[in-house]
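Q: next input, structure requested:
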Amino acid sequence: MNPAQTPPGVPSAAQDPRGFLAALYAAAVASASPAHTLGAWLPAPPDPKQGRTLVLGAGKAGGAMAAALDALWPATAPLSGLVITRYDHVPPAYAARPGRIEVVEARHPVPDEAGLQATARIAQLARGLTAHDLVLCLISGGGSALLSMPAPGLTLADKQAINRALLNSGAAIDEMNCVRKHLSGIKGGRLAAMCAPARVVTLLISDVPGDAPEVIASGPTVPDSSTCADALAILRRYRIDIPAVALAGLESGAFETPKPGDPVFAGHEVHTIATPQQSLEAAAAVARAAGIEPHILGDDLEGESREVGKVHAALARAVARRGQPFARPCVILSGGETTVTVRHPQPGRGGRAGEFLLGCALALQGQAGVHVLAADTDGIDGIESNAGAIVTPTTLARAQAQGLNAAAMLDRHDSYPFFEALGDLVVPGPTFTNVNDFRALLVL
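A: Numbers count the residues shown, from 1 in each chain. Modelled structure (predicted):
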């Protein structure tokens, strides 16, 4: 590659592979920023003499979406509402000078009392609206845990236990959210029903494979095509026990959700303002401008994280050794949401990205010329302080020199201390958006 081709501010891939991969990650995250994407989808305010505009929402990007909306909404147009986001996920400027939309922080991925109370307030705000009112719903990944209202008869402790079991089961995100929405009093289209007869415009940031609105944050404002029977089948498949009242609600159909065609959704609009594919394309554009050919495998890859890591490693080794199926130099990009099935009785610390990277490193076996970055676009891998980490051709050798057993640590789901010891964690802090996993494999 000719270094002169490298865009300003982007490190040379050949001279600084880590910096180059970090620049691709930064481009992917920036493209999903609500400040850049939300304005194009805003409707006109209602006539203030007849109706008002209420903002409701939940998700890891909720704080940034609220801040962007507040800045873009006409100063003369009334605006109020409540959005729930994860702890420490309110943009600093908005936290320092709150605007017209209140932002409450709560726990993710397992709900807490703060989320329960804030959700009850959202439900209260949604009641008593008229056909002249406009509800702007700001929904992003993480909303399933943050928007917490257990179905009748269930407690917060019940929901917490079921959520933990789902997270450890290896279930895909659409399966988890199918269960969550059927055991909820507000998800699966029920928030839209609460807002009737107001006009509802939902603005989504997708963090799920396929970008299905009914899966993102368990679809609080959109019709649900899944059923109680589907939720029961998932719980049985992963051998997850639930309280008797939950079992009865699912078996009887009492916990069924509003379906497509329900008049409660008449006149509603749904717009997806940021997607994983858009972020991958933004990263690809930066690579291409730097003279490195990008190849996007897909934005919806799923599967066990370590196994997906092995597959990516096999592809990178084929490119490095044989120039197939892609010529060097190149960068291989992918997105989606992998899973981690917790099998060790005393699991360590780490998330999907770290698990992917350990599996990838073991399969690469120090392959020359291959550098890998995997990170969650929300800036948090699981519940740790990092978004992900970086693998280099020297990863395993450096680990061995420190007495670290990569295979044993992978078996314990202990990726965080592995990469922490090597100084290879990626720690951007909260990014205030969320379009799921980002993976980049640079082959020089």
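Q: could you use CA atoms for every contact and neighbour count after this?
A: Will do.
Q: distance of residue 39 from residue 198?
A: Note on residue 39: its distance to residue 198, by CA to CA, to the nearest Å, is 22 Å.
Q: ignore the last one, residue 380
A: 36 Å.
Q: comparing those two, which residue is more hemmed in?
A: Per other CA atoms under 10 Å, whichever of residue 380 and residue 198 has more neighbours is residue 198, with 26 against 22.
Q: count of residues packed around the closest residue to residue 293 other than its chain neighbours?
A: Nearest residue to residue 293 in three dimensions, chain neighbours excluded: residue 330, at 4.7 Å (CA to CA, 6 or more residues apart in numbering). The tally of other residues near residue 330 (other CA under 10 Å) stands at 22.
Q: distance of residue 330 relative to residue 11?
A: From residue 330 to residue 11 the distance is 15 Å (CA to CA).
Q: show me what contacts the residue sitting furthest away from the middle of the chain?
A: Distance from the C-alpha centroid of the chain peaks at residue 49, with 38.7 Å (CA atoms, centre = their mean). For residue 49, the contact set (CA atoms under 8 Å, 6 or more residues apart in numbering) is empty.
Q: can you pull out the helices in the stretch 101-250 of the chain?
A: In the stretch 101-250 of the chain, the segments counted as helices under DSSP state H, counting those that start in this stretch are 113-126, 143-146, 156-169, 173-182, 190-195, 228-237, 244-252.
Q: need the winner for burial among those.
A: helix 143-146 (a mean of 30; mean count of other CA atoms under 10 Å).
Q: ok, and what's touching that one?
A: Contacts for helix 143-146 (CA under 8 Å, 6+ apart): 58-60, 84-86, 106-111, 115-116, 177, 180-181, 187, 216-218.
Q: tell me the contacts of the closest residue to residue 310 other than its chain neighbours?
A: Excluding the flanking residues, the one nearest residue 310 by CA to CA, 6+ apart is residue 360, at 4.9 Å. Counting by CA under 8 Å, 6+ apart, residue 360 touches 306, 308-313.
Q: so how far is the helix or strand hosting residue 360 off the chain centroid?
A: Assigned by DSSP states H and E, residue 360 belongs to helix 352-364. With CA atoms, centre = their mean, to the nearest Å as the basis, helix 352-364 stands 20 Å off its chain's centre.
Q: what residues of it count as buried?
A: Under the neighbour-count criterion of 16 or more other CA atoms under 10 Å, helix 352-364 has 352-364 buried.
Q: beyond the longest strand anywhere in the chain, next helix or strand please.
A: Taking DSSP state E as the criterion, the chain has its longest strand at strand 293-301. Using DSSP H and E, the helix or strand that follows strand 293-301 in sequence is helix 305-322.
Q: ok, then the element right after that next one?
A: strand 330-336.
Q: so residue 199 sits against residue 270, correct?
A: No - the pair residue 199 and residue 270 fails to qualify as a contact (CA atoms under 8 Å) at a distance of 11.4 Å.
Q: now do stretch 194-212: distance to the chain's middle.
A: The chain centroid and the centroid of stretch 194-212 are separated by 15 Å under CA atoms, centre = their mean.
Q: hey, C-alpha coordinates of that stretch in CSV?
A: In CSV, the C-alpha atoms belonging to stretch 194-212 read as follows (Å, rounded to 0.1, in the frame of the first residue of the first chain):
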residue,chain,number,x,y,z
MET,A,194,-51.0,2.4,26.2
CYS,A,195,-50.5,5.5,23.9
ALA,A,196,-53.7,5.0,21.9
PRO,A,197,-55.3,7.0,20.4
ALA,A,198,-52.2,9.2,19.9
ARG,A,199,-50.1,9.1,16.8
VAL,A,200,-46.9,7.2,17.5
VAL,A,201,-43.6,7.6,15.5
THR,A,202,-40.9,5.1,16.5
LEU,A,203,-37.3,5.8,15.8
LEU,A,204,-35.1,2.8,16.1
ILE,A,205,-31.3,2.1,16.3
SER,A,206,-30.9,-1.6,15.4
ASP,A,207,-28.7,-3.9,17.4
VAL,A,208,-30.2,-7.2,16.1
PRO,A,209,-29.4,-9.4,13.1
GLY,A,210,-32.0,-8.6,10.4
ASP,A,211,-33.0,-5.3,12.0
ALA,A,212,-36.5,-6.6,12.7
